[in-house]
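# model the following, please.
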Amino acid sequence: MLTAAEQLAIGQEIAPTVKQMTIERMSRPLMAGGNPIHYDAAFARNTGLPGPIATGVMSSAFLSEMLTKAFGVDWIRSGSMDVKFIRPIYAGDTVTARGRITGKRETSTGVRIALEIWCETQRGEPVTVGTASVVVH
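Modelled structure (predicted):
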């Protein structure tokens, strides 16, 4: 019987997570942090944006959800990610969190899986990009 790590191949994509961005989601206190740029259209326009933008915390959460679904408790115990927010996400955008395995190496506690991770909009534009790693047992 193959272990989870043995079933994972470099270049393999993990199952994506798809979310619809809504003003309701963006205006929740935990997500908006009290900043009206994340939920007030007039305020956002006055700053030069076409509309409210989502916080980076939201796309990071989508990536973490995807990695939790893929690696379960191993992600919670040993996972880490490093991301950059490169484009804004607006209400109405469909955001897809994606990941691709870029490396595998044996460690004393399991197999460390390295991944390229990103979120993209329905237009195929990357909005959040980065890397992640997790030790799979």
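# remind me, longest strand of this protein?
In the chain, taking DSSP state E as the definition, the longest strand is strand 94-107.
# centre-most residue in this structure?
residue 63 (2.2 Å; C-alpha atoms, centre = their mean).
# show me where this structure has its strands.
13-20, 80-85, 94-107, 110-120, 126-136.
# which of the ones you listed sits most buried?
Highest mean neighbour count of the strands of the chain: strand 110-120, a mean of 21 (counted as mean count of other C-beta atoms under 10 Å). For glycine as for every other residue, the C-beta is placed from the backbone atoms N, C-alpha and C.
# just checking: what are the partner strands of that one?
Applying DSSP bridges, strand 110-120 is found paired with strand 94-107 (antiparallel), strand 126-136 (antiparallel).
# so where is the chain shaky, pLDDT-wise?
Where the chain drops to pLDDT under 70, the residues are 1-3.
# thinking again about what came up before, can I get the strands of the chain in CSV including distance to residue 37?
Shown next, in CSV, are those (distance: least, C-beta to C-beta, whole Å):
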stretch, distance to residue 37
strand 13-20, 20
strand 80-85, 14
strand 94-107, 18
strand 110-120, 19
strand 126-136, 16
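# thought residue 117 was touching the residue nearest to the centre of the chain, still the case?
Yes - using C-beta atoms under 8 Å, residue 63 makes contact with residue 117 at a distance of 5.3 Å.
# who touches both of those two?
81, 83, 97, 99, 130, 132 (C-beta atoms under 8 Å, 6 or more residues apart in numbering).
# neighbours around residue 125, how many?
Residue 125 has 12 neighbours, counted by other C-beta atoms under 10 Å.
# how about it, phi and psi?
For residue 125, the backbone dihedrals (degrees, to the nearest 10) come out as phi -80, psi 130.
# can you list the buried residues in the lengthiest helix in the chain?
Longest helix of the chain, by residue count under DSSP state H: helix 56-71. Neighbour counts over helix 56-71 (16 or more other C-beta atoms under 10 Å) mark 56, 58-64, 66-68, 70-71 as buried.
# related to what we said a few turns ago, residues in contact with the residue nearest to the centre of the chain?
The contact partners of residue 63, taken as C-beta under 8 Å, 6+ apart, are 17, 81, 83, 97, 99, 117, 119, 128, 130, 132.
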